[in-house]
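Student: Output the structure for:
(one chain, ligands or ions: 1)
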Amino acid sequence: MLLISCPNCGPRDETEFHYGGQAHIAYPESPNDLTDREWAEYLFYRENTKGTFAERWVHSTGCRQWFNMLRDTVSYDIHAIYAMGQPRPDLKTTSPKSEPEQPGEFTQSGDFGQAGEPGLAPGATSPTATTPISSEGV
Ligand SMILES: [Zn+2]
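Tutor: Numbers count the residues shown, from 1 in each chain. Purely as a prediction, here's the structure:
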């Protein structure tokens with residue numbers, strides 16, 4: 001069970017929400033100029049991402065407002081929740097403050113939020129994180 005932080009209502013149970021599919025699908029500028037194939041692709045073709053995925057959700061039994069969410073499709077970790085119309089957040093520069101509050105079952109995978117370690121490859125462990133304090137100059 002997911003605990004989803006609605007931007008208007010706060011953390012609520014997953015059963016109060018409905019999934020709205022992939023986020024950031026722009027309506028075609030001139031739909032009448034599209035071929036049937038292009039129109040069908042706009043309507044039905046969606047990414048099937050394994051990993052972090054931008055998707056739309058609606059708080060259907062609460063405020064009934066739509067919002068976007070960055071969710072990992074493997075671990076179900078929620079990495080960001082942001083308003084409709086806002087660009088997809090760059091997780092590498094996302095501060096911990098914008099992380100949704102997920103007490104209890106929320107576990108950080110370790111691939112995100114490591115500001116200050118820009119050279120660290122995804123999935124790599126950081127043995128230097130506990131650098132001993134030097135006693136030189138004391
Ligand atoms: Zn709400």
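
Student: Neighbouring strands of the helix or strand harbouring G20 in the sheet, and parallel or not?
Tutor: Per DSSP states H and E, G20 falls inside strand 18-22. Using DSSP bridges, the strands paired with strand 18-22 in its sheet are strand 52-58 (antiparallel).

Student: Was I right to think W39 contacts S30?
Tutor: No. The criterion here is Cβ atoms under 8 Å, and W39 misses it with S30 at 11.3 Å. C-beta coordinates here come from the backbone N, C-alpha and C atoms, glycine included.

Student: Counting neighbours, go ahead and name the busier of those two.
Tutor: Between W39 and S30, W39 has the larger neighbour count (other Cβ atoms under 10 Å), namely 14 against 6.

Student: Quick check: phi and psi on that one?
Tutor: phi -70, psi -40 (degrees, to the nearest 10).

Student: Check what pLDDT it gets.
Tutor: W39 carries a pLDDT value of 97.
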